[in-house]
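Asks: here is my input; please provide its structure:
(one chain, ligands or ions: 2)
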Amino acid sequence: MRGNILIAGLGLIGGSIALAIKRAHPNATMIGYDVSDESLRLARSLGVIDEAVPSFAHGACEADVIVLAAPVVQTEQLLRDLVHLSLRPNVIVTDVGSTKERIVKQALPLLEKGATFIGGHPMAGSHKSGVAAARAHLFENAFYILTPTEHVKEEDVIRLKHWLEGTKAHFVTLTPKEHDRIAGVISHFPHIIAASLVHQAQQYEREDELVSRLAAGGFRDITRIASSNPEMWRDIFIHNKEELLQLFDRWIEEMKKIRTYVADGDSERIYQYFHEAKQFRDGLPVRTKGAIPSFYDLYVDVPDYPGVISEITGYLAKARISITNIRIIETREDIYGVLRLSFQTEDDRQRAKHCIEANTNYETHVV
Ligand SMILES: NC(=O)c1ccc[n+]([C@@H]2O[C@H](COP(=O)([O-])OP(=O)(O)OC[C@H]3O[C@@H](n4cnc5c(N)ncnc54)[C@H](O)[C@@H]3O)[C@@H](O)[C@H]2O)c1
Ligand SMILES: O=C(O)C(=O)C[C@]1(C(=O)O)C=C[C@@H](O)C=C1
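Replies: Numbers count the residues shown, from 1 in each chain. Ligands and ions are numbered 1, 2, ... in the order given. Coordinates of the predicted model:
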């Protein structure tokens, strides 16, 4: 399709949406706006946008689709700004924010202007931020929530989905309230838990500096998301306050319960607690992206000698298998360590497994 697409907020998500739209609609003109000149310049030089505009108003007035991709409190301000701008008659305005109720409410005055607003939230992302981390495939197989109100025409929802088809995401329609409730449980609250575990370790570190040096696999896995953008998470917690307050109360009750089992040395209940959690966790859909992203990880037992990583990555490079992430898990005390290699697809993982087994004696594991 042809048309002008304005992306306001050229970070990880705005940049990825721009790349995904361009992938499916090469004739569309991607226009970018960002409060940061640096992000705008970078987006232009990386080819994420075709054109940069100096103000939101400049881009908004000539856009057929406006994608708001700033942190959610900023998105509310952009929606207020839109009310005072002269927009194209068929314009569709959407956003990518992690919360929906306040944003959808804030967009209601747009109706009187004849503009269509459809709330959106692609449920995939990363702890990384900024346009340099943007990828066209970020949302492939992820759920993409849309929250159209009853005022939105079905044909406009179809038109938006058509523009966004390059995301290769699965669209799901929810009410804003339902969205915020679910996102609170599976996305927002876990970020507080991750951050609080890091705070706890930091406090213990003051007593014993070995704490951070020994912080290994499990701690790092569960706290990865504590490295996310604090501005984005501050805004989410301001928006989804009511849901999150309820989650705090339920979490405190949950902690009290398991604390009692531990205090009582109740081995049966402690076992059941872990067992039930494992069953539910293992039953979650894997191989799809979503609120819990899956990674195609391959673990390789490697001896601790200089050059072992370049040896393995060398074999994979020769076989033209790309690695998306690489990490050494330093939990073992014997001479073998574990190298964790992540791949984008199951096929890449299998090829890597065969390649390493063909070239070395190192054991490989898929967990
Ligand atoms: N990071 C994730 O995993 C993720 C996933 C899904 C949705 N989201 C949502 O996407 C939005 C963007 O998050 P991100 O991860 O891309 O953040 P980011 O920090 O990578 O990018 C945000 C960009 O918005 C710009 N910005 C800030 N205020 C602005 C304004 N008033 N006008 C224009 N630009 C402005 C910033 O300069 C920055 O370039 C947030 O609303 C977030 O809740 C994030
Ligand atoms: O993978 C991560 O790092 C994320 O935090 C992604 C994540 C999530 O909580 O799952 C973060 C916020 C979003 O709104 C959607 C996705």
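Asks: residues touching the residue lying closest to L46 once chain neighbours are set aside, list them.
Replies: Residue nearest to L46 in three dimensions, not counting chain neighbours: V131, with 6.5 Å by CB to CB, 6 or more residues apart in numbering. All C-beta atoms are positioned from the backbone trio N, CA, C, and that covers glycine. Neighbouring residues of V131 by CB atoms under 8 Å, 6 or more residues apart in numbering: 10-12, 14-15, 39, 42-43, 46, 48.
Asks: could you export those as CSV, including distance to H121, neighbour count and secondary structure?
Replies: Conversion of the contacts of V131 to CSV gives the following (distance: CB to CB, whole Å; neighbours: other CB atoms under 10 Å; DSSP: H, G, I helix; E, B strand; the rest coil):
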residue, distance to H121, neighbour count, secondary structure
L10, 18, 31, coil
G11, 15, 25, coil
L12, 14, 25, helix
G14, 13, 26, helix
G15, 16, 29, helix
S39, 21, 22, helix
L42, 24, 18, helix
A43, 21, 27, helix
L46, 24, 15, coil
V48, 20, 25, coil
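Asks: and which of these is nearest to D348?
Replies: L12 (22.7 Å; CB to CB).
Asks: residue contacts, the closest one?
Replies: Applying CB under 8 Å, 6+ apart to L12 gives the contacts 125-126, 128-131, 133-134, 138.
Asks: same thing but at 6 Å, please
Replies: L12 makes contact with 129, 133-134, according to CB atoms under 6 Å, 6 or more residues apart in numbering.
Asks: does G47 sit in a helix, a strand or a coil?
Replies: Here G47 is coil, with the state taken from DSSP: H, G, I helix; E, B strand; the rest coil.
Asks: C-alpha coordinates for the longest helix seen in the chain, PDB please?
Replies: Counting by DSSP state H, the longest helix found in the chain is helix 241-263. Extracted in PDB, the C-alpha atoms of helix 241-263 (Å, rounded to 0.1, in the frame of the first residue of the first chain):
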ATOM      1  CA  LYS A 241      -1.600   1.700  39.400                       C
ATOM      2  CA  GLU A 242      -4.900   0.100  40.500                       C
ATOM      3  CA  GLU A 243      -4.200  -3.400  39.000                       C
ATOM      4  CA  LEU A 244      -0.700  -3.300  40.400                       C
ATOM      5  CA  LEU A 245      -1.800  -2.400  43.900                       C
ATOM      6  CA  GLN A 246      -4.000  -5.500  43.900                       C
ATOM      7  CA  LEU A 247      -1.100  -7.600  42.600                       C
ATOM      8  CA  PHE A 248       1.100  -6.300  45.400                       C
ATOM      9  CA  ASP A 249      -1.500  -7.400  48.000                       C
ATOM     10  CA  ARG A 250      -1.800 -10.900  46.400                       C
ATOM     11  CA  TRP A 251       1.900 -11.300  46.100                       C
ATOM     12  CA  ILE A 252       2.400 -10.400  49.800                       C
ATOM     13  CA  GLU A 253      -0.100 -13.100  50.700                       C
ATOM     14  CA  GLU A 254       1.600 -15.600  48.400                       C
ATOM     15  CA  MET A 255       5.000 -14.900  50.100                       C
ATOM     16  CA  LYS A 256       3.400 -15.300  53.500                       C
ATOM     17  CA  LYS A 257       2.100 -18.700  52.500                       C
ATOM     18  CA  ILE A 258       5.300 -20.100  51.200                       C
ATOM     19  CA  ARG A 259       7.200 -18.500  54.100                       C
ATOM     20  CA  THR A 260       5.000 -20.500  56.500                       C
ATOM     21  CA  TYR A 261       5.800 -23.700  54.700                       C
ATOM     22  CA  VAL A 262       9.500 -23.000  55.000                       C
ATOM     23  CA  ALA A 263       9.300 -21.900  58.600                       C
END
